[in-house]
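A.B. asks: Whatever this is, show me its structure:
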Amino acid sequence: MTKTSYMRDPFNCFDFILVLTIFLQYALEIIAQLSHSGESKTITNARSVVTVAKVFRTLRPLRLLKSLGMRNTVECLIAAIPNMMNALMINFLFIYIFSILGVQLFSGRLFHCNDHPFTISTKVDCEAKGAAWENFPQNYYFEDMTAYLRRC
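C.D. replies: Predicted structure coming up:
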(Lines give C-alpha, C1' and ligand atoms only; values in the text may rest on other atoms or scores of the structure.)
Protein backbone atom coordinates (compact mmCIF):
# COMPACT_ATOMS: atom_id res chain seq x y z
CA MET A 1 0.00 0.00 0.00
CA THR A 2 1.21 3.48 -0.83
CA LYS A 3 1.15 6.50 1.47
CA THR A 4 -1.97 7.86 -0.17
CA SER A 5 -3.91 4.60 -0.46
CA TYR A 6 -7.55 4.51 0.53
CA MET A 7 -7.22 1.99 3.37
CA ARG A 8 -4.49 3.91 5.26
CA ASP A 9 -6.96 6.43 6.64
CA PRO A 10 -9.04 5.05 9.56
CA PHE A 11 -12.13 7.02 8.49
CA ASN A 12 -11.91 5.53 5.00
CA CYS A 13 -11.68 2.04 6.53
CA PHE A 14 -14.75 2.87 8.59
CA ASP A 15 -16.62 4.01 5.45
CA PHE A 16 -15.53 0.86 3.64
CA ILE A 17 -16.98 -1.32 6.42
CA LEU A 18 -20.23 0.64 6.32
CA VAL A 19 -20.53 0.18 2.56
CA LEU A 20 -19.85 -3.54 2.98
CA THR A 21 -22.65 -3.83 5.55
CA ILE A 22 -25.05 -2.12 3.15
CA PHE A 23 -24.09 -4.56 0.38
CA LEU A 24 -24.46 -7.44 2.84
CA GLN A 25 -27.94 -6.24 3.74
CA TYR A 26 -28.97 -6.11 0.08
CA ALA A 27 -27.54 -9.57 -0.51
CA LEU A 28 -29.44 -10.99 2.47
CA GLU A 29 -32.68 -9.44 1.21
CA ILE A 30 -32.16 -10.96 -2.23
CA ILE A 31 -31.42 -14.37 -0.71
CA ALA A 32 -34.53 -14.13 1.45
CA GLN A 33 -36.66 -13.26 -1.59
CA LEU A 34 -35.21 -16.08 -3.69
CA SER A 35 -35.73 -18.74 -1.06
CA HIS A 36 -39.24 -20.12 -1.48
CA SER A 37 -39.47 -21.82 1.89
CA GLY A 38 -39.33 -18.57 3.90
CA GLU A 39 -36.51 -17.13 5.92
CA SER A 40 -34.18 -19.30 7.87
CA LYS A 41 -32.92 -18.40 11.32
CA THR A 42 -29.46 -17.77 9.93
CA ILE A 43 -30.70 -15.09 7.54
CA THR A 44 -32.79 -13.48 10.29
CA ASN A 45 -29.83 -13.39 12.67
CA ALA A 46 -27.56 -11.99 9.97
CA ARG A 47 -30.13 -9.29 9.20
CA SER A 48 -30.23 -8.20 12.83
CA VAL A 49 -26.42 -7.99 12.95
CA VAL A 50 -26.39 -5.89 9.77
CA THR A 51 -29.10 -3.63 11.20
CA VAL A 52 -27.02 -3.05 14.31
CA ALA A 53 -23.97 -2.33 12.16
CA LYS A 54 -25.96 0.29 10.23
CA VAL A 55 -26.30 2.29 13.43
CA PHE A 56 -22.63 3.18 13.11
CA ARG A 57 -23.51 5.32 10.09
CA THR A 58 -24.39 8.03 12.59
CA LEU A 59 -20.67 8.36 13.34
CA ARG A 60 -19.81 9.44 9.80
CA PRO A 61 -19.96 13.20 10.58
CA LEU A 62 -16.93 12.67 12.82
CA ARG A 63 -14.87 12.87 9.65
CA LEU A 64 -15.34 16.63 9.82
CA LEU A 65 -13.15 16.75 12.92
CA LYS A 66 -10.05 16.35 10.76
CA SER A 67 -9.98 20.06 10.00
CA LEU A 68 -8.56 22.29 12.73
CA GLY A 69 -11.36 24.86 12.52
CA MET A 70 -14.09 22.27 13.00
CA ARG A 71 -12.15 20.63 15.83
CA ASN A 72 -11.86 24.00 17.62
CA THR A 73 -15.58 24.62 17.16
CA VAL A 74 -16.51 21.25 18.64
CA GLU A 75 -14.09 21.75 21.55
CA CYS A 76 -15.67 25.14 22.29
CA LEU A 77 -19.16 23.64 22.22
CA ILE A 78 -18.11 20.89 24.61
CA ALA A 79 -16.43 23.43 26.91
CA ALA A 80 -19.65 25.53 26.94
CA ILE A 81 -21.85 22.68 28.18
CA PRO A 82 -21.41 23.51 31.92
CA ASN A 83 -22.41 27.13 31.30
CA MET A 84 -25.41 25.98 29.28
CA MET A 85 -26.42 23.76 32.19
CA ASN A 86 -26.35 26.79 34.50
CA ALA A 87 -28.60 28.70 32.12
CA LEU A 88 -30.88 25.66 31.84
CA MET A 89 -31.19 25.44 35.63
CA ILE A 90 -32.12 29.14 35.86
CA ASN A 91 -34.71 28.61 33.11
CA PHE A 92 -36.15 25.62 34.97
CA LEU A 93 -36.29 27.69 38.17
CA PHE A 94 -38.38 30.37 36.43
CA ILE A 95 -40.72 27.76 34.93
CA TYR A 96 -41.08 26.14 38.35
CA ILE A 97 -41.91 29.49 40.01
CA PHE A 98 -44.53 30.28 37.36
CA SER A 99 -46.02 26.79 37.66
CA ILE A 100 -46.50 27.38 41.39
CA LEU A 101 -48.05 30.76 40.63
CA GLY A 102 -50.35 29.30 37.96
CA VAL A 103 -51.56 26.52 40.24
CA GLN A 104 -52.22 28.98 43.07
CA LEU A 105 -54.11 31.42 40.84
CA PHE A 106 -56.09 29.09 38.57
CA SER A 107 -56.52 25.80 40.45
CA GLY A 108 -60.19 24.83 40.18
CA ARG A 109 -61.22 28.13 38.59
CA LEU A 110 -61.19 27.03 34.96
CA PHE A 111 -63.98 24.47 35.24
CA HIS A 112 -67.30 25.13 33.53
CA CYS A 113 -70.56 23.39 32.70
CA ASN A 114 -70.39 21.91 29.20
CA ASP A 115 -74.13 22.35 28.58
CA HIS A 116 -74.40 25.97 29.70
CA PRO A 117 -70.82 27.34 29.66
CA PHE A 118 -71.28 30.72 31.31
CA THR A 119 -74.71 30.67 32.90
CA ILE A 120 -74.17 27.92 35.50
CA SER A 121 -71.30 28.64 37.86
CA THR A 122 -71.35 25.75 40.35
CA LYS A 123 -70.72 22.04 39.99
CA VAL A 124 -73.89 21.14 41.91
CA ASP A 125 -76.15 23.20 39.61
CA CYS A 126 -74.43 21.77 36.51
CA GLU A 127 -74.83 18.16 37.60
CA ALA A 128 -78.44 18.86 38.62
CA LYS A 129 -79.16 19.86 34.99
CA GLY A 130 -77.60 16.57 33.82
CA ALA A 131 -74.51 18.17 32.26
CA ALA A 132 -70.81 17.49 32.89
CA TRP A 133 -68.43 19.74 34.85
CA GLU A 134 -65.30 20.09 32.64
CA ASN A 135 -61.96 21.81 32.78
CA PHE A 136 -61.78 24.76 30.39
CA PRO A 137 -59.73 25.23 28.22
CA GLN A 138 -58.11 21.85 27.63
CA ASN A 139 -54.75 23.32 26.59
CA TYR A 140 -54.05 24.77 30.03
CA TYR A 141 -53.94 22.53 33.05
CA PHE A 142 -53.40 24.21 36.40
CA GLU A 143 -54.76 21.58 38.77
CA ASP A 144 -51.38 20.33 40.00
CA MET A 145 -47.80 21.36 39.40
CA THR A 146 -46.49 18.14 37.88
CA ALA A 147 -49.12 18.21 35.15
CA TYR A 148 -48.35 21.87 34.51
CA LEU A 149 -44.61 21.18 34.26
CA ARG A 150 -45.25 18.34 31.80
CA ARG A 151 -47.13 20.80 29.56
CA CYS A 152 -44.26 23.33 29.47
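
A.B. asks: The protein: strands as residue ranges?
C.D. replies: For the chain, applying DSSP state E gives strands covering 111-113, 133-135.

A.B. asks: And those: which comes nearest Leu34?
C.D. replies: Closest of the strands of the chain to Leu34 is strand 133-135, at 59.1 Å (criterion: C-beta to C-beta). Yep, even glycine has a C-beta here, placed from its N, CA and C like the rest.

A.B. asks: coming back round to it: wait, which of the strands of the chain is closest to Arg60?
C.D. replies: strand 133-135 (48.4 Å).

A.B. asks: Give the other helices and strands that the closest one contacts.
C.D. replies: strand 111-113, helix 123-128 (3 or more C-beta pairs under 8 Å, 6 or more residues apart in numbering; DSSP states H and E).

A.B. asks: still on that earlier bit, most packed of the strands of the chain?
C.D. replies: Of the strands of the chain, the one with the most neighbours on average (mean count of other C-beta atoms under 10 Å) is strand 111-113, at a mean of 19.

A.B. asks: Please identify the pairing partners of that one and their relative orientation?
C.D. replies: strand 133-135 (antiparallel) (DSSP bridges).

A.B. asks: returning to that earlier point: can you check which of the strands of the chain gets nearest to Arg8?
C.D. replies: strand 133-135 (66.0 Å).

A.B. asks: Lowest mean pLDDT across the helices and strands packed on strand 133-135, which one is that?
C.D. replies: Sorting the helices and strands packed on strand 133-135 by mean pLDDT places strand 111-113 lowest, at a mean of 76.

A.B. asks: picking up where we left off before, list just the one of the strands of the chain that sits closest to Met85.
C.D. replies: Short answer: strand 133-135, nearest of the strands of the chain by C-beta to C-beta, at 35.0 Å.

A.B. asks: Give me the contacts around the closest one.
C.D. replies: Strand 133-135 has contacts (C-beta atoms under 8 Å, 6 or more residues apart in numbering) with Leu110, Phe111, His112, Cys113, Asn114, Lys123, Cys126, Glu127, Tyr141, Glu143.

A.B. asks: Format the helices and strands packed on strand 133-135 as TSV; extra columns: distance to Thr58.
C.D. replies: Output for the helices and strands packed on strand 133-135, formatted as TSV (distance: least, C-beta to C-beta, whole Å):
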stretch	distance to Thr58
strand 111-113	48
helix 123-128	53
